[in-house]
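Trainee: coords please:
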Amino acid sequence: MADRDGTDGAAGLDGLIIPPLSRRGFVMTSLMSGLTLATTRVEAQVIHTDAAGIVAGEVKIPAGDGPMPAYRAMPEGAGPFPIVLVVEEIFGVHDYIKDICRRLAKLGYCAVAPELYARQGDLSTMTDPKAIIRDVIAKTPDAQWIGDLDATAAWAASAAKGDPQRLAVMGWCRGGRDVWLYAAHRRDLRAAVAWYGPLGGERTDIQLRTAGDVAADIKAPLLALYGGADTGIPVASVEEARDRAKVAGRDVELVIYPDAPHGFHADYRPSYRREAAEDGWNRALAFLQAHGVG
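Mentor: Numbers count the residues shown, from 1 in each chain. Down below sits the predicted model:
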């Protein structure tokens, strides 16, 4: 049975949530400024979205063990606004993720990106992607960030003029992986958009299931946007996840951009592919609208 907030609580998730969850203090108490230091990047972001006509900036979200830093952007006005939970890459809530929130706010959404790795490390100082994966990502329990996304959704509805009846999630890279898992967790999601999220990976005692493992369990329509030239995510693995979901009666729409590499939407990195990024963005927006998030 779902809890009143639309989540499954500890039941029915086949190990996705492990109560009670051991909490720790926050290492990051505020968001980083600028772009991540942990990747080679172009000189500047291709897209820069201003804050005219919207309310945008860093906020603190109650997360049970202290205030969690997050970035919130929403339209000016009374609301309520449809909510999009924005899930970061491995690099933290930096300027690219903040800009995505502002892009969504300009279109009428309350977009919130919580810093889901704030307890495990200070991503603003880290320069080695391998160290981020080893020391931060691998040590972040799925139970922790899932609970933090639930807290973010609740905060958006109560403090940011968000409409809990129009809730969606969108994530990139590791955040795309998390979109699959969150869609398997939350029954009241209207839509989910996963940008090149890994389907496989190591299973551990704090990360028990992969995104591919939960494909047949997702509870919301999911749009999967992947690159055919992504050397880390075989197209066959994505197609297998889609097929497993469809056999189970789940709604998954898969789009493969044949020549696009991993990170093709990241307009601050050499991996950016404008045509695929723009087409994927337009498809994502149409997907939200088609499923009542708009």
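
Trainee: where does the stretch 1-150 of the chain have low pLDDT?
Mentor: Low-confidence segments of the stretch 1-150 of the chain (pLDDT under 70): 1-24, 40-44.

Trainee: hmm, 80 instead?
Mentor: For the stretch 1-150 of the chain, residues meeting the criterion pLDDT under 80 lie at 1-24, 38-45, 64.

Trainee: Show me where it has its strands.
Mentor: 54-62, 67-75, 81-87, 110-114 (DSSP state E, counting those that start in this stretch).

Trainee: For the last one, give me every contacting residue.
Mentor: Residues outside strand 110-114 that contact it (Cβ atoms under 8 Å, 6 or more residues apart in numbering): 59, 61, 68-75, 79, 81-88, 93, 97-98, 100-102, 104-105, 148-149, 151-152, 155-156, 160-163. Bear in mind the C-beta positions are built from the backbone N, C-alpha and C, glycine included.

Trainee: again, only using 6 Å
Mentor: 61, 68, 70-74, 81, 83-84, 86, 93, 97, 101, 104-105, 148, 152, 156, 160, 162 (Cβ atoms under 6 Å, 6 or more residues apart in numbering).

Trainee: Any idea how many residues pack against residue 235?
Mentor: 15 (other Cβ atoms under 10 Å).

Trainee: And residue 174, by the same measure?
Mentor: If you count neighbours by other Cβ under 10 Å, residue 174 ends up with 24.

Trainee: mind checking pLDDT for it?
Mentor: If you check residue 174, the pLDDT there is 97.

Trainee: how near is the residue lying closest to it once chain neighbours are set aside to residue 262?
Mentor: Residue nearest to residue 174 in three dimensions, not counting chain neighbours: residue 90, with 4.8 Å by Cβ to Cβ, 6 or more residues apart in numbering. Distance, residue 90 to residue 262, using Cβ to Cβ, to the nearest Å: 12 Å.

Trainee: Now do the shared contacts for these two.
Mentor: Listed contacts common to residue 90 and residue 262 are nil; contacts here mean Cβ under 6 Å, 6+ apart.

Trainee: the helices in the stretch 101-250 of the chain, which residues?
Mentor: Taking DSSP state H, counting those that start in this stretch to define them, one finds helices in the stretch 101-250 of the chain at 129-135, 142-159, 174-185, 235-247.

Trainee: can you put those in a markdown table and add distance to residue 214?
Mentor: Listed next are those as a markdown table, based on distance: least, Cβ to Cβ, whole Å:
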| stretch | distance to residue 214 |
| --- | --- |
| helix 129-135 | 21 |
| helix 142-159 | 10 |
| helix 174-185 | 4 |
| helix 235-247 | 9 |
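
Trainee: For residue 52, which of those helices is the nearest?
Mentor: The closest of the helices of the stretch 101-250 of the chain to residue 52 is helix 142-159. By Cβ to Cβ, the value is 21.7 Å.

Trainee: by contact count, what packs against the closest one?
Mentor: Here helix 142-159 touches strand 54-62, strand 81-87, strand 110-114, strand 162-172, going by 3 or more Cβ pairs under 6 Å, 6 or more residues apart in numbering; DSSP states H and E.

Trainee: so what does the last one touch, helix or strand wise?
Mentor: Just to be clear, that refers to strand 162-172. Checking 3+ Cβ pairs under 6 Å, 6+ apart, strand 162-172 ends up next to strand 81-87, helix 142-159, helix 174-185, strand 191-195.

Trainee: Which stretch among these is buried most, on average?
Mentor: Comparing the helices and strands packed on strand 162-172 by mean neighbour count (mean count of other Cβ atoms under 10 Å), strand 191-195 ranks first with a mean of 30.

Trainee: Confirm residue 255 sits in a helix?
Mentor: No: counting by DSSP: H, G, I helix; E, B strand; the rest coil, residue 255 is not found in a helix; it is strand.

Trainee: Could you pull up the residues touching residue 200?
Mentor: By Cβ under 6 Å, 6+ apart, the contact set of residue 200 is 210, 212.

Trainee: tell me the phi and psi of it?
Mentor: Backbone torsions of residue 200, given as degrees, to the nearest 10, read phi -110, psi -150.

Trainee: Not counting residues beside it along the chain, what's closest to residue 58?
Mentor: Closest residue in space to residue 58, ignoring its immediate chain neighbours: residue 31 at 5.3 Å, by Cβ to Cβ, 6+ apart.
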